[in-house]
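In: Sequence and computational prediction follow.
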Amino acid sequence: MKAASPSTKSLAITWLVLVVLHFTILGISMLEFGGIGTPVILTLAVVQMILVMLVFMELSRSNKLVRLFAVAGFFWLLIQFTLTAGDYLMRAFH
Amino acid sequence: MPEANPTVAEQFDDRQQQRDAATLGMWTFLATEVLFFGGLFLAYTVYRHFYYDDFGAGSKRTDLVFGTTNSVILITSSLSVALAVRAANLNNLKSTLRWLVVTLLLAASFLVIKGFEYHKDIASNLVPGPNFTPTLPLHAQTFFWLYWAMTGLHAVHVMVGMSVLTAITLLVWRQRNLPAKRTTIELAGLYWHFVDIVWLFLYPLLYLVNRHS
């Protein structure tokens, strides 16, 4: 049977990884990465978000319906960004 | 007829079903919150695309020490609220109260630091408008408009989270009935983690644009 919540150890390790990622992001921003700095930083921020959602918000233990709802908001956001980016990128062809 | 369980509302079969329904409701609310902040993140993306250099110049005027410290505080408060939820699930009243209070203290520190930061920003004429500092390019104002809107709305969310957590802490402390408040603590925890996640994106987007140059 699963424990009611993640163990103190896994919560503490998650916190440590989040802090390490945080200072990695800060370090990367200070260095010149020839334009790939921002995508790398945002990817690491997404990794942080996924860690918070899976461990702290206990999505890894939630039922499928809850997981679906958790992803839904981001899916609508993706549509919002894709349609808007489509508009601005197409304007370059005029 | 089984005796009515005071911690389960009449429309639910049992506590698990009540908990599942409440959790799903909270995630639905959080999906609307993702879209609420999403509009601002979208505006940020479009304007940064057009005015990248001005956004870089503006971002360099934000206070990296305040921003970085606050990030660590908020990440730590996510840990403390997760520990409070864990303690509540283990029916440990003392530990639950302790971690809730730690979370509240961290949240208060975040707001105090943000207050000092805002004070410094105002003194440095970083509020868009007629008094905006002439040392920055025109569209750095657009950057700072987004800076104030996004961090301001985030701070409002921190205050709402603090109010909810304060109310829960007082109720748990006075009633000493942890099982009745377990789901409430879990839902407040979910909201608090969401506030943390928003900041995880605000930090690199507002404080770290073009820092290396």
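Out: Structure received.

In: low-scoring pLDDT stretches of chain A, where are they?
Out: A:1-3, A:34, A:92-94 (pLDDT under 70).

In: Where is the longest helix in it?
Out: Secondary structure of chain A per DSSP state H: the longest helix is helix A:64-91.

In: per-domain residue ranges of chain A.
Out: Per automatic domain parsing, the domain ranges recorded for chain A read A:1-62, A:63-94.

In: any idea how far A:N63 is from the closest residue to B:R86 other than its chain neighbours?
Out: Excluding the flanking residues, the one nearest B:R86 by Cβ to Cβ, 6 or more residues apart in numbering or on different chains is A:S5, at 3.8 Å. In short, each C-beta sits where N, CA and C put it, glycine included. Using Cβ to Cβ, to the nearest Å, A:S5 is found at 16 Å from A:N63.

In: next one: B:G25
Out: On the measure of Cβ to Cβ, B:G25 and A:N63 end up 14 Å apart.

In: which residues sit in contact with residue 74?
Out: Just going to use chain A. B:V34 (Cβ atoms under 8 Å, 6 or more residues apart in numbering or on different chains).

In: I was thinking of chain B, sorry if that wasn't clear
Out: By Cβ under 8 Å, 6+ apart, the neighbours of B:L74 are B:106, B:110, B:195-196, B:199.

In: One more: A:P39?
Out: Counted by Cβ under 8 Å, 6+ apart, A:P39 has zero contacts.

In: mind running it again at 10 Å?
Out: Contacts here follow Cβ atoms under 10 Å, 6 or more residues apart in numbering or on different chains; on that basis A:P39 touches A:F33.

In: Which of the helices or strands spans it?
Out: helix A:37-51 (DSSP states H and E).

In: how about the residue nearest to B:R86, what does it touch?
Out: A:11, A:58, A:61, B:82-90, B:186, B:189.

In: Same check on B:V46?
Out: Contacts of B:V46 by Cβ under 10 Å, 6+ apart are A:81, A:84-85, A:87-88.

In: same question, A:L44
Out: By Cβ under 10 Å, 6+ apart, the neighbours of A:L44 are A:21-22, A:24-25, A:28, B:200, B:204.

In: Could you list which of those residues belong to helices?
Out: Per DSSP H, the contacts of A:L44 map to helices at A:21-22, A:24-25, A:28, B:200.

In: For those residues, which PyMOL command selects only the ones that are buried?
Out: Of the ones in helices among the contacts of A:L44, the buried ones go into a single PyMOL selection, burial set by 16 or more other Cβ atoms under 10 Å in any protein chain shown:
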select buried, (chain A and resi 21+22+25+28) or (chain B and resi 200)
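
In: Does B:R211 belong to a helix, a strand or coil?
Out: Secondary structure state of B:R211, per DSSP: H, G, I helix; E, B strand; the rest coil, is coil.

In: That one and B:F55 touch, don't they?
Out: No: B:R211 is beyond contact range of B:F55, at 11.8 Å (criterion: Cβ atoms under 10 Å).

In: Of the two, which one has the most company?
Out: More crowded of B:R211 and B:F55, by other Cβ atoms under 10 Å in any protein chain shown: B:F55, with 26 against 18.

In: do you know how far the more buried one is from B:A140?
Out: 7 Å.

In: Which residues are in contact with each of these two?
Out: In contact with both B:F55 and B:A140: B:Y147, using Cβ under 10 Å, 6+ apart.
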